[in-house]
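Novice: Predicted model follows, preceded by the sequence.
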Amino acid sequence: MKLNLFPRTQRGADTKPLAESGGSKKTLPLAAALSDEQIKLVGVLHQLLQMLPQAYSGRESIKRMCQMILPASPHIRLVWVGFCQDDSGPTIKPTAVVGRAVGEVEHWHLANDCFDYATPFVQTVDWDAGLESDFHALFAPWQAHPETCTVKAALAIPLRSEKARMRGMMVFYADTEDYFSETGFASFQAFGHVGEVIWKQSNLSHLLTRQAQFDSLAGLLTRRRIAHVYDEAVATDESALSILYCRLDDFHKINDLYGWAVGDNILSAFAKDTAAQLRITDSGGRWHATDFLYVLPATDALDAKSLGDAFVNHFMHHPVNVENWSIRLTLSVGVATYGADGRGLDELIHYATQHLRGPSGAQDAEI
């Protein structure tokens, strides 16, 4: 990532000529042409770049970045960062908002329309502007009580994402109207680039975490994750705890007849339909290729059996439709309750698989 850490001076020159004795000239170092405030902003950028490799939590890292920016300038009274997507509501709640002006209003929502800009833009305070003016966009939080507003200018930096439907924005609020024209945009654009990197790192971390926890085909938890959920339920829930074990019968025949692609789609549809019947406190995971495990906190054996019967009846009366095929699934379910049928997860699964029952209620033979 290439960042321009040194903004150009107001005259647009990178260097300043300085007369030397004897009529010769030398070039003043670029850093000397920067104001003290610009140098402080550049220093913060260097600190942020050093922090990036440890920036795992997007929200906390964004907030930390804003907190580091504020001491570099007494004129910046607020930093606002937010993200939205195409289906977001008309107003966007900030991911982070920090600064001395935070207490001036109760809500810091900005209009979704603010995120439509592709390049940085500045707005200055003008409480006499009409409702049709764009002024209201960045200063909307103060509109109900303009007398509390201590900021005079706002600079919005759009944040880009590799996801077409996602947009972000970083807004700096200053206490003088000409602050951003005098200081320049470069340092603030660089802060925006850092924000983009943190955002992308957070999205990547979220994606990797999801891949580690969720089965990519079924969309349910992985075997390792569902086992961890069971351990947590045992450690924290003193009420009844049961598991439900489901096995799709003769699934190899579906793969042989319709092909593996159809078989994969059927597994995904099965997982989606069963997950829709779970309570918010229940969890489901893919245990083996065509075996699924459901952890049911605060559920006794009778209620767990009722859920298993509901699964069986659902697929008996609702064929799975995949690629113009309508396929009726049969499955066997087994129930085990913590304490009565075992305590360890392996014990409960062994008990449940030894008591698998199919659609007719007859017990399947388990080898």
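Specialist: Happy to help now that I have it. Since the structure is predicted, the reported quantities are computational estimates derived from the model, not experimental observations.
Novice: What ranges does the stretch 201-350 of the chain have for its helices?
Specialist: 223-236, 251-258, 260-275, 301-317, 345-354 (DSSP state H, counting those that start in this stretch).
Novice: Quick one: mean pLDDT for stretch 316-326?
Specialist: Averaging pLDDT along stretch 316-326 yields 88.
Novice: chain center to that stretch: distance?
Specialist: 34 Å (Cα atoms, centre = their mean, to the nearest Å).
Novice: Same question for stretch 270-280.
Specialist: 23 Å.
Novice: C-alpha coordinates for that stretch, CSV please?
Specialist: Only the C-alpha atoms of stretch 270-280 are listed here, as CSV (Å, rounded to 0.1, in the frame of the first residue of the first chain):
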residue,chain,number,x,y,z
PHE,A,270,-31.6,-30.3,4.4
ALA,A,271,-29.4,-28.2,6.7
LYS,A,272,-31.3,-25.0,5.9
ASP,A,273,-34.7,-26.6,6.6
THR,A,274,-33.7,-28.2,9.9
ALA,A,275,-32.0,-25.0,11.1
ALA,A,276,-35.3,-23.1,10.4
GLN,A,277,-37.0,-25.4,13.0
LEU,A,278,-34.5,-24.7,15.8
ARG,A,279,-34.9,-22.2,18.6
ILE,A,280,-32.5,-19.4,18.9
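Novice: ok so, going back, save the helices of the stretch 201-350 of the chain as a markdown table, and put in distance to residue 147 and mean neighbour count too.
Specialist: (C-beta placed from N, C-alpha, C; glycine too.) Listed next are the helices of the stretch 201-350 of the chain as a markdown table, based on distance: least, Cβ to Cβ, whole Å; neighbours: other Cβ atoms under 10 Å:
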| stretch | distance to residue 147 | mean neighbour count |
| --- | --- | --- |
| helix 223-236 | 50 | 16 |
| helix 251-258 | 70 | 14 |
| helix 260-275 | 52 | 18 |
| helix 301-317 | 59 | 16 |
| helix 345-354 | 62 | 18 |
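Novice: Is it possible to get JSON lines of the ones you listed that adds distance to residue 39?
Specialist: Listed next are the helices of the stretch 201-350 of the chain as JSON lines, based on distance: least, Cβ to Cβ, whole Å:
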{"stretch": "helix 223-236", "distance to residue 39": "49"}
{"stretch": "helix 251-258", "distance to residue 39": "66"}
{"stretch": "helix 260-275", "distance to residue 39": "55"}
{"stretch": "helix 301-317", "distance to residue 39": "65"}
{"stretch": "helix 345-354", "distance to residue 39": "59"}
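Novice: Which one of these lies nearest to residue 283?
Specialist: Between residue 283 and those, the shortest gap by Cβ to Cβ is with helix 223-236, which sits at 4.7 Å.
Novice: pLDDT weak spots in the stretch 251-367 of the chain?
Specialist: Counting by pLDDT under 70, the stretch 251-367 of the chain contains low-confidence residues at 360-367.
Novice: mind redoing it with 90?
Specialist: Counting by pLDDT under 90, the stretch 251-367 of the chain shows low-confidence ranges at 255, 257-258, 260-261, 289, 321-326, 357-367.
Novice: The stretch 101-250 of the chain now?
Specialist: For the stretch 101-250 of the chain, the ranges with pLDDT under 90 are 106, 113-114, 116-118, 125-137, 143-145, 160-167, 193-219, 236-240.
Novice: related to what we said a few turns ago, out of the helices of the stretch 201-350 of the chain, which gets nearest to residue 143?
Specialist: Among the helices of the stretch 201-350 of the chain, helix 260-275 sits nearest to residue 143 (Cβ to Cβ), with 44.0 Å.
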